[in-house]
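Engineer: what follows is a predicted structure for the sequence shown.
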Amino acid sequence: MAGERTSGKQQSSGPTRPVPGRGALMEKHGRATQRRRAAPLGSPEYEAAAAEIAAIEIAIARLEEPKVPLPVKWRRPAS
């Protein structure tokens with residue numbers, strides 16, 4: 001529709017995966033941190049673990065951010 005913003009990603013009509021809880025994300029974060037610490041600095045393994053950590057931290061932040069209702073568009077009353 002005109003004037004609507006989209007993320008540019010196509011939405012699939014298939015089943016969605018359940019969102020993991022904070023505890024599960026923290027466990028994944030711990031395992032990824034261990035992999036990053038064990039990998040040589042700058043190696044592909046290090047970079048992959050660092051990218052996974054960043055994605056997990058974003059997922060945690062999304063879970064923790066307050067739910068704010070979208071603003072309601074209003075129309076001026078017809079005169």
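Structural biologist: Cool, got the structure.

Engineer: look up how far residue 33 lies from residue 49.
Structural biologist: Counting by Cβ to Cβ, to the nearest Å, the gap from residue 49 to residue 33 is 8 Å. (Glycine included, C-beta is placed from N, CA and C.)

Engineer: do the same with residue 51
Structural biologist: Distance from residue 51 to residue 33, by Cβ to Cβ: 13 Å.

Engineer: and for residue 78?
Structural biologist: 60 Å.

Engineer: which one's more surrounded, the two?
Structural biologist: residue 33 (15 against 4; other Cβ atoms under 10 Å).

Engineer: contacting residues around the longest helix along the chain?
Structural biologist: Identified as the longest helix of the chain according to DSSP state H is helix 44-64. Defining contact as Cβ atoms under 8 Å, 6 or more residues apart in numbering, one finds that helix 44-64 is touched by 19-22, 25-26, 28-29, 32-33, 35-36, 39-40.

Engineer: the residues you listed in helices, which ones?
Structural biologist: Those of these lying in helices (DSSP H): 22, 25-26, 28-29, 32-33, 35-36.

Engineer: which of those residues has the weakest pLDDT?
Structural biologist: Lowest pLDDT within those is found at residue 22 (91).

Engineer: re earlier: and the contacts of helix 44-64 as TSV, adding distance to residue 56?
Structural biologist: Formatted as TSV, these follow (distance: Cβ to Cβ, whole Å):
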residue	distance to residue 56
19	12
20	9
21	12
22	11
25	6
26	8
28	5
29	5
32	6
33	9
35	12
36	12
39	16
40	22
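
Engineer: pull out the buried members of these.
Structural biologist: 25, 28-29, 32, 35-36, 39 (16 or more other Cβ atoms under 10 Å).

Engineer: now render the ones in helices among the contacts of helix 44-64 as JSON lines, adding distance to residue 67.
Structural biologist: Listed next are the ones in helices among the contacts of helix 44-64 as JSON lines, based on distance: Cβ to Cβ, whole Å:
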{"residue": "22", "distance to residue 67": "15"}
{"residue": "25", "distance to residue 67": "18"}
{"residue": "26", "distance to residue 67": "21"}
{"residue": "28", "distance to residue 67": "23"}
{"residue": "29", "distance to residue 67": "23"}
{"residue": "32", "distance to residue 67": "27"}
{"residue": "33", "distance to residue 67": "28"}
{"residue": "35", "distance to residue 67": "33"}
{"residue": "36", "distance to residue 67": "32"}
